[in-house]
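> output the structure for:
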Amino acid sequence: MKLYVARHGQTRWNSQNRVLGRTDIPLNETGIEQARGLAEKVASLGIDVIISSPLRRARQTADIVGDALGLNVLADDRLIEFDFGAFEGASRDDAEYQRLKRQFCSKYENGESVLAVAARVYPFLDEISVKYRDKTVLLVCHNAMMRVINAYFTAPDNDEFFDFAVENCEIMFYET
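Now for the predicted structure:
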């Protein structure tokens, strides 16, 4: 399987450098333009299947790409962004958020841990690598989710894992 993984387009909270996990807000105008640009970037990649997080910002991005490619978008709850709990909407520069972000086992207050996210995402990746073995798949999801997906394929050390970040509508490629 050829796997492309893209982050959704920009939202108002992204532009304000706020933690955005499960809050379901739409793309802003910049994000819509970024999604159109993503559609142009992937047009020649032979995408067969698009799977998106169910959150509106990812789904809007995936739908723009799907419309451009003539493909329906599948949604999968396992691609939903981290639950950042009490830090939802906080500044991404918040010291306690940054400290907890580096703890694999620690849950964000009223949220989830990196290990919990990996426990739902890794089986999903195993499943699609079998189901779409000879296909080219595009996943549209979230920055923190892409960090976990990247770890599945690259086995980074702790610092590399937590330093990993992608811009809105940035795309990564993996092959199984």
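
> rest of the way, CA atoms for contacts and neighbours
OK.

> which residue is most remote from the mean position of this protein?
The C-alpha centroid of the chain is most remote from residue 95, which lies 23.3 Å away (C-alpha atoms, centre = their mean).

> measure that one to residue 136 for me?
As defined by C-alpha to C-alpha, to the nearest Å, residue 95 lies at a distance of 40 Å from residue 136.

> now swap in residue 55 and tell me
According to C-alpha to C-alpha, residue 55 and residue 136 sit 23 Å apart.

> tell me which of the two has more neighbours.
residue 55 (23 against 17; other C-alpha atoms under 10 Å).

> contact partners for that one?
Taking C-alpha atoms under 8 Å, 6 or more residues apart in numbering, we find residue 55 in contact with 22, 24-25, 80-81.

> these, buried ones only, as a PyMOL selection?
To isolate the buried ones among the contacts of residue 55 in PyMOL, judged by 16 or more other C-alpha atoms under 10 Å, type:
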select buried, resi 22+80+81
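
> quick one: distance of stretch 10-30 to the chain centre.
Offset of stretch 10-30 from its chain centre (C-alpha atoms, centre = their mean, to the nearest Å): 13 Å.
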